[in-house]
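> Predicted coordinates and the sequence they were generated for:
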Amino acid sequence: MPNKTCNLYIDKEPYSFEVDGNFFWGEEELLFKPEDNVISKMDWKDKGYKVVNAFLEAEFLALKASITKQIVKAIKANNIPVNEAEFTLAKYHTVVTTDEQHFNIIDITRNLENEDFDFNIDLLTERFGNILGYELTSWVEELKKSHIQIRISRPNSLDINPPHRDGYLSYWEDIINVWIPIEGCNESTSLPVCSGSHLIPENDILRTESKGAKINGNVYYVPCILEIKAGAIAMERPNPKAGEALLFTPYLIHGAAVNQTQDTTRVSLELRFPKVK
């Protein structure tokens, strides 16, 4: 696959990285359906995203503890020495010290289900459904399971998804994306989004197919969006705080969540809740 440079802006600062992939311009169509989509009742539907309150403090701490437990379990499954009593998410990179180890860890943590957590995930489907005015579920019919992903980004790394739209994948066409900061999330690490980009037609987007992009040796399920006809992708970090969540349409361009800190691993949780038909 040919090598390309992805140039973008995050909070007006330039950033670039290399991507291997076959890129093409899309058809003359808009995949986002303005009527009866999961954000159609919101006053932020043209922006495509919103930071909302998500947890009581005790709930957030319980969820964080459960996430820590899952990461430690994945570390142990790969026979990596870890002092469980002293382990912290922020210092994950001092325990998992190679790319190979990290890729083995995320092979586990990116494919979890509701029952893997000591937390009632369906509380969140009700909570966010009440905000959006639609009934949500954690069950993904096409996958025949729930799906939860712990995202782990080591400092000064390319532990990122490329800029992408989840809606390119059929099972994410009619969902709400939920991004929850857990550890090390701030103005230098949190998830960037491209405001209003769900309204960009496909013929204005240069992208790969699904599983068609490789960054730092890692192949991604999501197609990589390299650029738009207007030029480099301009992104911003909404930067939700602990106890908050970022809600956004699956057609919003997001990703490239580079961790620009020197010594803190960033951990976040990604949920995708389908709208009940």
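Looks like it came in fine.

> ok, which stretches of the protein are strands?
In the chain, the segments counted as strands under DSSP state E are 3-10, 13-21, 24-25, 49-53, 148-153, 175-183, 205-207, 213-215, 218-220, 225-228, 233-235, 244-248, 266-274.

> What segments of the chain are helices?
57-77, 99-109, 122-132 (DSSP state H).

> Could you dump those helices into JSON lines and include distance to residue 49 and mean pLDDT?
Heads up, the C-betas are built off the backbone N, CA and C, glycines and all. Below are the helices of the chain laid out as JSON lines (distance: least, CB to CB, whole Å; pLDDT from 0 to 100):
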{"stretch": "helix 57-77", "distance to residue 49": "20", "mean pLDDT": "97"}
{"stretch": "helix 99-109", "distance to residue 49": "24", "mean pLDDT": "95"}
{"stretch": "helix 122-132", "distance to residue 49": "12", "mean pLDDT": "97"}
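
> As a markdown table, the ones you listed with mean neighbour count and distance to residue 174 would be great.
Output for the helices of the chain, formatted as a markdown table (neighbours: other CB atoms under 10 Å; distance: least, CB to CB, whole Å):
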| stretch | mean neighbour count | distance to residue 174 |
| --- | --- | --- |
| helix 57-77 | 16 | 25 |
| helix 99-109 | 17 | 25 |
| helix 122-132 | 17 | 12 |
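
> out of those helices, nearest to residue 39?
helix 122-132 (6.6 Å; CB to CB).

> Give me the angle between the closest one and strand 175-183.
Interaxial angle of helix 122-132 relative to strand 175-183 (axes from the mean of the first three to the mean of the last three CA atoms, to 10 degrees): 120 degrees.

> Taking strand 49-53 as reference, get the angle to helix 122-132.
Using the same axes, to 10 degrees: helix 122-132 against strand 49-53 is 120 degrees.

> Residue 243: neighbouring residues, count only.
16 (other CB atoms under 10 Å).

> what lines up beside the lowest-mean-pLDDT helix or strand in the chain in the sheet?
Ranked by mean pLDDT, DSSP states H and E, the weakest helix or strand in the chain is strand 218-220, scoring a mean of 81. Applying DSSP bridges to the sheet, strand 218-220 is found paired with strand 213-215 (antiparallel).

> Run the chain-centre distance for the strand it pairs with.
Offset of strand 213-215 from its chain centre (CA atoms, centre = their mean, to the nearest Å): 16 Å.

> quick one: average confidence on it?
In this model, strand 213-215 has a mean pLDDT of 86.

> What are the contacting residues of that strand?
1, 17-21, 158, 160, 162, 219-220, 222-224 (CB atoms under 8 Å, 6 or more residues apart in numbering).

> Let's see that with 10 Å instead.
1, 3-4, 6, 17-23, 158-162, 164, 207-208, 219-226, 256 (CB atoms under 10 Å, 6 or more residues apart in numbering).
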